[in-house]
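> here you go, sequence then predicted model.
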Amino acid sequence: QVQLVESGGGLVQAGDSLRLSCAVSGRTIRAYIMGWFRQAPGKEREFVGVINRSGTSTYYQNFLKGRFTISRSTALNTVYLQMNSLRPEDAAVYYCAAVEVESTWPPPTNEYKYWGQGTQVTVSS
C-alpha cells in the first residue's frame with residue numbers, strides 16, 4: 001500500500017523560507033510523477049507544481065513566479081517543496097500527490113491517485 005506523508009509545515013513570517021517534505025512508502029518514488037497542491041480556508045484546492053519521475057522536468061503554477069522549487073530524492077524516496085519569499089496568501093494546507101499513469105504532461109488533477117494528509121503552512125504578515 002502506497003502512503004504519502006508530508007512534513008515541514010509551520011508558522012513563519014512573511015519573507016521567510018520553508019521546505020516541505022513528502023515521504024513515500026510502499027513503493028519506489030521512481031514509479032510516480034509527484035505533485036504539490038494547496039488549499040486555503042474557504043478556497044478550492046489549487047495546483048502548485050509537479051516533477052517528473054526522473055526529476056529532470058518540473059512545471060509550476062504561474063502565480064508562483066519562481067518562488068517555489070520542487071525536487072526529489074530517489075535515495076530517500078522523498079519529494080520536496082522549497083518555498084521562498086513566503087507571503088500571507090501562501091498560507092494553506094499543502095498536499096503532495098502521486099500520479100501512477102499519466103495521459104499528458106503535466107498530468108491533470110484527476111490523474112493523481114495517491115494523496116498525503118497535508119501539512120499546514122501559516123504565514124504571518
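Structure received.

> so Glu102 sits in a helix?
No. Under DSSP: H, G, I helix; E, B strand; the rest coil, Glu102 sits outside any helix and is assigned coil.

> so what's the residue count around it?
Burial of Glu102 is recorded as 16 neighbouring residues (other C-beta atoms under 10 Å). Yep, even glycine has a C-beta here, placed from its N, CA and C like the rest.

> who are the neighbours in contact with it?
With C-beta atoms under 8 Å, 6 or more residues apart in numbering as the criterion, the residues that contact Glu102 are Ile33, Glu111.

> how about Leu11, secondary structure?
Assignment for Leu11 (three-state DSSP): strand.

> what's near enough to touch it?
Counted by C-beta under 8 Å, 6+ apart, Leu11 has contacts Thr122, Val123, Ser124.

> what does Lys113 give?
Applying C-beta under 8 Å, 6+ apart, we find Lys113 in contact with Ala97, Ala98, Val99, Glu100, Val101.

> so the first one touches Glu111, yeah?
No. With contact defined as C-beta atoms under 8 Å, Ala97 does not count as touching Glu111 (9.5 Å).

> center of this structure - which residue?
Nearest to the centroid of the C-alpha atoms of the chain, with distances taken as C-alpha atoms, centre = their mean, sits Trp36, at 2.3 Å.

> and that one, what pLDDT?
What the model reports for Trp36 is a pLDDT of 98.

> distance of it from Asn77?
As judged by C-beta to C-beta, to the nearest Å, Trp36 and Asn77 stand 16 Å apart.

> same check, this time on Arg27
For Arg27, the distance to Asn77 equals 9 Å [C-beta to C-beta].

> one step back: in what helix or strand does the residue nearest to the centre of the chain lie?
Assigned by DSSP states H and E, Trp36 falls within strand 33-39.

> next, the buried residues of that strand.
Within strand 33-39, the residues scored as buried using 16 or more other C-beta atoms under 10 Å are Ile33, Met34, Gly35, Trp36, Phe37, Arg38.

> partners of that strand, with directions?
Each strand pairing with strand 33-39, determined using DSSP bridges, is listed with its direction: strand 46-51 (antiparallel), strand 92-99 (antiparallel).

> thanks a lot, catch you later.
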